[in-house]
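Student: Let's see this in three dimensions:
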Amino acid sequence: MVGYFGHLAAFLFLFIFVILPSTFTASEDVKLSVGAILDYTLLVGKEEKVAMEMAVSDSNAASHYPGIALHILYSGGDPIRAVASAKKLISKHQARVILGLNRWEETLSVAEVANKYQVPLLSLANDIPLWAPQQWPFLVSVARSQHSQMKAIAAIVQSWKWRKVTLIYEETLNNVIPHLITSLHKVNSDIDDFVILPPFSPYSLSEKLFNLKKKQCRVFIVHASSEVAANLFLEAKEMGMMEEEYVWITTDTITSRVDSLNASLISAMQGVLGVKSYYPHTQIEYKEFSSRFMDIFRTHYPHDPYTEPGTNALQAYDAVRAVALTLMARLNTENSTINNAGWNFLGNINQISFNGLAGKFDLAGSKLAPSDLFRIINVVGHSYREIGYWSDGSGFSASIGEGNNYSHLMKILGQIYWPGGAWFVPKGWDVHTYGNQLKLGVPAYTTFSDFLWWRHNNSGGDPIAEGFSIDVFKAVVELLRDNLNYNLNYRLIQFDGTYDSLVQQIERKVFDGAIGDIAIVANRCKYGEFSQPYTESGIQIVAYPRQKTKRQWLFKKPFTTGMWVATFVINLYNGFVVWFIERNNNRDFQSNNRFGTTVWLAFTTLFTSLQGDKLHTNVAKMVVVVWLFVALVITSTFTASLTSFLTLQNLSRKVADVETLKRNNAKVGCDGNSFVPKYLENVLGFHPNNIKNYTSGDAYPQALMSGEIDAAFLEVPYVKVLLAKYCNNFATGSETFKVGGFGFVFARGAPFLPDISAAVLNVSESGTLLHLERSMLSSYNCSSSDETEYVHDSVGLDSFSVLFAITALTSTLALLITKFWETEEQRALPKGPQQQAVPMYPLANVG
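Tutor: Numbering: from 1, shown residues only. Alright, predicted model coming up:
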């Protein structure tokens, strides 16, 4: 009996203290098996491996039993190999959770396996597609979205007004590219070129950089692994692409590894700007982890560069810690079985919340809150300097915390050290590509040469373009040089063709742009992009009306002042001569008021013909005959001229409108080398047969004066020149048809176009444009002859000088003859008081 109880006691002791604990431990080892799939041939994979092992060690040390068994398999970045590794972890190691896979192509491949076996997959890949968790519910992203990082890069681009960038990215890291494209578009910047970098191909890399160097864009955004980026920057340095005017911006995949880069690579990256994820490095927990991490990493990988833990390392540590907390809390309960363990894990991990090394870990909504705060670094000297921060929604700041100043421009961060040692901001593009110049087409002919004309080059080179449009462009280029520190290297090339054809040559890559009196119209915008206009916009009607005169003085207009004075004097003189001849023979002329008689006689002659019986001498009749002939001509001329002026006075200076011109089937003229003929026909509705094209501005005055056309449709700048040249003798209609003014046109997306538009505005606002316009118009100094060239002239003294000379000579001759005979008569008379004086005129009409 005693032996029986002794054997029973021994069995119970063995069961309780040996068999049961071993069974319990074996069961626990199966439940807490965790798998990881990494590519630890890369630096990021090595960091993740070290961080995961540290997290397992820390979690197991904090537990009363070994809670996690970590099994790490190698993927090599191959999705097929990653799938095989996942199956092995599940079938051989009974992994309850799988971690790792920082490339989303691998993640999506393994997600199918995880979903099939209901094993949660915690991926370290950034920006997994939004639809992926819906298709594979066991897929959980434990990496923070880098969408905001792309916004930070776009904010840097916006700060310096770079309109074109080149995106260089590793083909396996293309998941954030759509976010970057969207962010750049929101700040009005476009991607000029996409350059995909293969993981290993130095020859291909050199060729790609050489092609980039030949292009104009000088802003490069790099999103690649640190290994690929190292080769990129060393090659760029060798090819002279880390000099002045170049801009390099790196994402966190590179920037977070700057501490681990060797001296030669840091030297090659001088002036690089980078965006780096923000972590509160001042926390004691981080400092302790970082110190241990670097010691362990250096022990495991002594030949790799000495490095601080990067973003992936911190996220991997937090992910393992979350798994440990979840498994220890809920998975090993009585109700947990192999069938529902995966679903329980998904529900429980969403309830885990703690402050991790990479920020707050909280999977509310099945994903971590995105990063919204980043460091901005600048590679300088032997390492880099943190120049400030960028936060989503606030912008840039020199520090973080309450009461800081924020700005959407990087200027708040202070001076930036740019590639090549430059302290001035690169403009982001360069036309000095292998000595190339901007080829700018210029019209060979223009309607008004004031805007553009060519002169011979005495040195034997290309003809030289001059004129208002050229002067404005030179002022713009000079302003760019003075204010923005760059020269626009260009060459002006004559183009013999229409303006529309000239603009089309830009799209065909014949020209890089075109300058001149080129109107901004919608049809031309399909082939190029215009700057801000440098002239007023619109089309006006020009016509030739008559000038108005004040009606109360209209009677003076037929004769000039000299003509009026001469007429008055000659009339008085002729009246005096007739009175002098007839005074002794005509009782009507023997009044005591001799002056009044003379004046009456002078003006009566202009309007009445004296009857012959009232004149007694033939000499007086001879004077009156000539005088009446001249008076007849004067009065007839006066009447005709006054009638003409009265007729012209009824013509208003108001120019006929479009409807009146079309209703009257009027002929209209325009510049045949411009868009105006089509505008008149298609928009205003003129019949093509009524539209006359001209190629010279000097043809319009003659055509308008002769009645060849009733009106001319000219662009506003041309109208100003026409009115200045012909002394405002033409009138314009009250209506202006809105079209674009004159502008400079370049290839679509030209990086310098925004600067040119801004310079045009500055030239205008500074008064330089007004000065150039006044200089052009003031060259026409209108003289009196110019002013009367196209108006009705008053009759001047020169038109009647011969007639006045004849009547004056006739009257003078008659006066001398009369005086001579009176003298002879006085001599022939006998002297005596009783002798009666009898007039003796040989030419007298006696009886």
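Student: and I377, that's in a helix?
Tutor: No - looking at I377 with DSSP: H, G, I helix; E, B strand; the rest coil, it is strand, so not inside a helix.
Student: can I assume it is in contact with G388?
Tutor: No - taking contacts as Cβ atoms under 8 Å, I377 lies outside contact range of G388: 9.2 Å. For the C-beta atoms, the positions are set from N, CA and C on the backbone; glycine is no exception.
Student: after the worst-scoring helix or strand of the chain on mean pLDDT comes which helix or strand?
Tutor: One helix or strand of the chain scores below all others by mean pLDDT, DSSP states H and E: helix 784-787, with a mean of 39. Using DSSP states H and E, the helix or strand that follows helix 784-787 in sequence is helix 801-828.
Student: list the buried ones in that next one?
Tutor: Using 16 or more other Cβ atoms under 10 Å as the burial criterion, the residues of helix 801-828 that qualify are 803-804, 807-808, 810-811, 814-815, 817-818, 821-822, 825.
Student: Of these, just say which sits nearest to N762.
Tutor: Nearest to N762 out of the buried residues of helix 801-828 is F804 (Cβ to Cβ; 64.4 Å).
Student: how near is the closest residue to that closest one other than its chain neighbours to L809?
Tutor: Closest residue to F804 apart from its sequence neighbours, by Cβ to Cβ, 6 or more residues apart in numbering: I570 at 5.5 Å. Distance, I570 to L809, by Cβ to Cβ, to the nearest Å: 11 Å.
Student: cool, V658 as well?
Tutor: Distance from V658 to L809, by Cβ to Cβ: 60 Å.
Student: Quick check on D193: phi, psi?
Tutor: Note on D193: its backbone torsions stand at phi -160, psi 150 [degrees, to the nearest 10].
Student: hey, where'd the strands end up in the stretch 401-550 of the chain?
Tutor: Taking DSSP state E, counting those that start in this stretch to define them, one finds strands in the stretch 401-550 of the chain at 438-443, 453-455, 464-466, 490-495, 513-514, 529-530, 539-543.
Student: which stretch among those comes nearest H71?
Tutor: strand 529-530 (59.0 Å).
Student: Contacts for the closest one, please.
Tutor: Applying Cβ atoms under 8 Å, 6 or more residues apart in numbering, the contact partners of strand 529-530 are 520, 524, 740, 743-750, 753.
Student: same question, stretch 410-422
Tutor: Counting by Cβ under 8 Å, 6+ apart, 155-156, 159-160, 242-248, 270-273, 376, 378, 380, 387-388, 396-398, 405-406, 423-426 sit against stretch 410-422.
Student: List the buried residues in that stretch.
Tutor: Buried-residue list, stretch 410-422, by 16+ other Cβ under 10 Å: 410, 412-413, 416-419, 422.
Student: wait, doesn't A69 sit right on L32?
Tutor: Yes - A69 is within contact range of L32, at 6.2 Å (criterion: Cβ under 8 Å).
Student: Nearest spatial neighbour of D362, chain-adjacent residues omitted?
Tutor: Counting by Cβ to Cβ, 6+ apart, D362 lies nearest to S353, which is 4.5 Å off, once chain neighbours are set aside.
Student: Tell me how many other residues crowd that neighbour.
Tutor: A count of neighbours around S353, defined by other Cβ atoms under 10 Å, yields 13.
Student: show me the residues around it that make contact.
Tutor: Going by Cβ under 8 Å, 6+ apart, S353 touches 360-362.
Student: Which one (most neighbours) among those residues?
Tutor: Busiest of those [other Cβ under 10 Å] is F361, holding 22 neighbours.
Student: Kindly confirm my reading that that one is in a helix.
Tutor: No - read with three-state DSSP, F361 is strand and lies in no helix.
Student: how close does it get to L314?
Tutor: 11 Å.
Student: longest helix anywhere in the protein?
Tutor: helix 618-649 (DSSP state H).
Student: Is C670 part of a helix or strand, or is it coil?
Tutor: Classified using three-state DSSP, C670 is strand.
Student: ok, it touching E681?
Tutor: No - if you go by Cβ under 8 Å, C670 and E681 don't touch, sitting 10.1 Å apart.
Student: So the two - more neighbours on which side?
Tutor: More neighbours surround C670 than the other of C670 and E681, with 26 against 14 (other Cβ under 10 Å).
Student: re earlier: okay, A69 and L32: which has more neighbours?
Tutor: Counted by other Cβ under 10 Å, A69 and L32 do not tie: L32 has more neighbours, with 26 against 18.
Student: Between the buried residues of helix 801-828, which sits nearest G575?
Tutor: So of those, ranked by how close each gets to G575 (Cβ to Cβ), first place is S811, at 9.4 Å.
Student: Give me the distance between the closest one and W104.
Tutor: On the measure of Cβ to Cβ, S811 and W104 end up 118 Å apart.
Student: What strand or helix carries the most centrally placed residue in the chain?
Tutor: With distances taken as Cα atoms, centre = their mean, the residue of the chain nearest its centroid is P754 (3.7 Å). Following DSSP H and E, one finds P754 within helix 753-765.
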